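Novice: Fold the following and give me the result.
(one chain, ligands or ions: 2)
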Amino acid sequence: MITQAAGDLNMPVYVVGGWVRDLLLGRNSKDIDIVVIGSGIKLAHRITSGLTKKHKLSIFKNFGTANLRIGDWEIEFVGARKESYRADSRKPIVEDGSLEEDISRRDFTINAMAISLNQNDFGSLIDHYGGKKDLENKLIRTPLDPLITYSDDPLRMMRAVRFASQLDFKIDCDSFEAIKSNASRIKIVSMERIMDEFNKILLSPSPGKGLKMLRAAGLLSEFFPELDALHGVEVVDGKAHKDNFFHTIQVLDNLSEKTDDLWLRWSALLHDIAKPATKQFEPEAGWTFHGHEYLGAKMIPGIFKKLKLPLNEKMKYVRKMVLLHLRPIVLSQNIVTDSAVRRLLFEAGDDIDDLMTLCEADITSANEHKIKQYLKNFQLVREKLKEIEEKDRLRNWQPPISGEDIMETFDIKPGKQVGIIKTAIREAILEGEIPNEKKAAFDFMVKQGKKLGLTPKKVIN
Ligand code: ATP
Ligand code: MG
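Specialist: Numbering: from 1, shown residues only. Ligands and ions are numbered 1, 2, ... in the order given. Presented below is the predicted three-dimensional model:
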């Protein structure tokens, strides 16, 4: 269909970039980029004029591109172009060009291959820069001089690490050196773009690999200094603490074996973020990080804001995970009381399973025996959680008596007294003093009211 239309218009046409790479890798991709020697918009119009299937064509005149959606396929048409860059911006000046020029401006050799869709040589691979060989050797390399390639568009440095992490490839030595010397230029890229790539790194099978590269290349300190600051080991009186960057990465990799959830992975990444700020050496106890979970949770909104991550329930979820990440450990070390388990269920709500997954990933001892012991302890905590949950149904729990109930019963206005009684009821249930039932809570409320000099006006059931 494309071949026919392009033939009619006498415009050579090629599929290029990610789709070709993924085809050779045996990965399925529904995003297709088509380069035309001529006008991509014209070609797209020609194709859709003969289409009977349901589709949506969007034209972007300013960019000279057309986007065609058919089912879950997304096909982008663009005329071949060449680019030139200025020092202060990653937005190039674009002019029409040849296929060769178009391909040479692409970021990596593995993304710089094309397949002809023309009648005379349909299906033949155009690979000027050895992309196929680099795919086989699992290598990220730029078609042209890496120093210029990364300097022209510093986002490519993030993309290099992203592809290396996603595909488990190596970055070519010259490329890596070029990234190191251009690292500070990442500043001209918007944080949203950086985070797009960073999130793809986080979602790769072993994100630790990408994060180590980001740090080693000097990129991490540029856009995420808080994470970079976890790196390093201090020694006092012969006592060293563990390197919290490598610990964090191991936790993240452990967790990534269990879940693809981006925000749970973010929680692992940030769980110890306040360790540098809370670090102390105490002659008796050695290195401590008292309260790092509280300070860490406090830091989350600021970090999300700076990194232009969503400031919605995702942020609150990560903040909660960071705040609670030590609680199951405390439970596993002490004799577990019902009330401690109830409290954790009440505070974690539906996120309790994610929290347990995070805690289990947080075990990074080198001692196999210790790991087994910790996991066994966590298994006990999980059983206890299940038992209490079945008994008390405390997930997303609302106390059986509300503030309105209290005001109505004692005929009082909103104020301090309502709060005092409400808290007392909640605490009594969590501590197991009274059962989680309306009748018991009501009687308890009346008693608490009396202590404050209140008498019930009305009985509710
Ligand atoms: P993904 O699987 O993430 O979609 P992709 O390689 O298709 O990977 P896109 O961002 O969709 O990535 O880009 C499509 C193609 O455009 C790339 O394969 C590459 O040839 C080219 N490209 C994208 N971004 C850049 C860039 N910053 N510099 C140079 N070429 C780029
Ligand atoms: Mg793509």
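
Novice: Tell me how many other residues crowd the closest residue to ligand 1 within the chain.
Specialist: With CB to the nearest ligand atom as the measure, Gly18 is the residue of the chain nearest to ligand 1, at 2.2 Å. The way it works is simple: take the backbone N, C-alpha and C, and place the C-beta from them, glycine included. Gly18: 17 surrounding residues under other CB atoms under 10 Å.

Novice: cool, Ile429 as well?
Specialist: For Ile429, the neighbour count with other CB under 10 Å is 25.

Novice: could you check the distance from it over to Arg342?
Specialist: Using CB to CB, to the nearest Å, one gets 8 Å for the distance from Ile429 to Arg342.

Novice: same thing with Pro276?
Specialist: Using CB to CB, one obtains 34 Å as the distance from Pro276 to Arg342.

Novice: now Leu9
Specialist: The gap separating Leu9 from Arg342 is 71 Å, by CB to CB.

Novice: between those two, who's got more neighbours?
Specialist: Neighbours were tallied for Leu9 and for Arg342 using other CB under 10 Å; the higher tally belongs to Arg342 (22 against 17).

Novice: what's the closest non-adjacent residue to that one?
Specialist: Leu430 (5.1 Å; CB to CB, 6 or more residues apart in numbering).

Novice: OK, contacts around the one you found?
Specialist: Applying CB atoms under 8 Å, 6 or more residues apart in numbering to Leu430 gives the contacts 339, 342-343, 346.

Novice: quick one, phi psi at it?
Specialist: Note on Leu430: its backbone torsions stand at phi -60, psi -40 [degrees, to the nearest 10].

Novice: quick one: stretch 289-304 to chain centroid distance?
Specialist: 18 Å (CA atoms, centre = their mean, to the nearest Å).

Novice: Please identify the buried residues of that stretch?
Specialist: Neighbour counts over stretch 289-304 (16 or more other CB atoms under 10 Å) mark 289, 292-293, 295-297, 299-300, 303-304 as buried.

Novice: Output those in a markdown table, with secondary structure appended to each entry.
Specialist: Converted to a markdown table, those look like this (DSSP: H, G, I helix; E, B strand; the rest coil):
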| residue | secondary structure |
| --- | --- |
| Phe289 | coil |
| His292 | helix |
| Glu293 | helix |
| Leu295 | helix |
| Gly296 | helix |
| Ala297 | helix |
| Met299 | helix |
| Ile300 | helix |
| Ile303 | helix |
| Phe304 | helix |
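
Novice: Now tell me which of these the prediction trusts least.
Specialist: Scanning those for pLDDT, the smallest score is found at Phe289, 90.

Novice: any idea how far ligand 2 is from that one?
Specialist: For Phe289, the distance to ligand 2 (CB to the ion, to the nearest Å) stands at 42 Å.

Novice: If I follow the layout properly, that residue ends up in contact with Phe281?
Specialist: No - Phe289 lies out of contact with Phe281 (CB atoms under 8 Å); the separation is 10.9 Å.

Novice: Near ligand 1, which residues of the chain are found?
Specialist: 17-18, 31, 33, 106-107, 111, 153, 155-156 (CB under 6 Å from any ligand atom).

Novice: how about low-confidence regions in the chain?
Specialist: Applying pLDDT under 70 to the predicted model, the residue ranges of the chain that meet it are 334, 394, 396, 458-461.

Novice: which bits of it sit near ligand 2?
Specialist: Within the chain, the positions adjacent to ligand 2 are 18, 31 by CB under 5 Å from the ion.

Novice: Pick out the residue nearest the middle of the chain.
Specialist: The central residue of the chain, meaning the one whose C-alpha is nearest the mean C-alpha position (CA atoms, centre = their mean), is Leu262 at 3.8 Å.

Novice: what sits against that one?
Specialist: For Leu262, the contact set (CB under 8 Å, 6+ apart) comprises 199, 202-203.

Novice: Of these - the most surrounded one?
Specialist: Of these, with other CB under 10 Å as the count, Leu202 tops at 21 neighbours.

Novice: That one contacts Ala268, doesn't it?
Specialist: No - using CB under 8 Å as the test, Leu202 is too far from Ala268 to be in contact (9.3 Å).

Novice: if we can go back for a sec, for the buried residues of stretch 289-304, which one is nearest ligand 2?
Specialist: Of all those, the one sitting nearest ligand 2 is Phe304; the distance, using CB to the ion, is 26.6 Å.

Novice: okay, now the residue in the stretch 351-461 of the chain that ligand 2 sits nearest to: neighbour count?
Specialist: Nearest residue of the stretch 351-461 of the chain to ligand 2, counting by CB to the ion: Asp354, 30.1 Å away. By the other CB under 10 Å criterion, the neighbourhood of Asp354 contains 20 residues.

Novice: State whether it and Leu264 are indeed in contact, as I suppose.
Specialist: Yes - taking CB under 8 Å as the definition, Asp354 is a contact partner of Leu264 at 5.3 Å.

Novice: what is in contact with these two at once?
Specialist: Taking CB under 8 Å, 6+ apart as the contact criterion, the residues that touch both Asp354 and Leu264 are Met321.

Novice: for Ile103, what are its contacts?
Specialist: Applying CB under 8 Å, 6+ apart, we find Ile103 in contact with 16, 112-114, 126, 128-129, 143.
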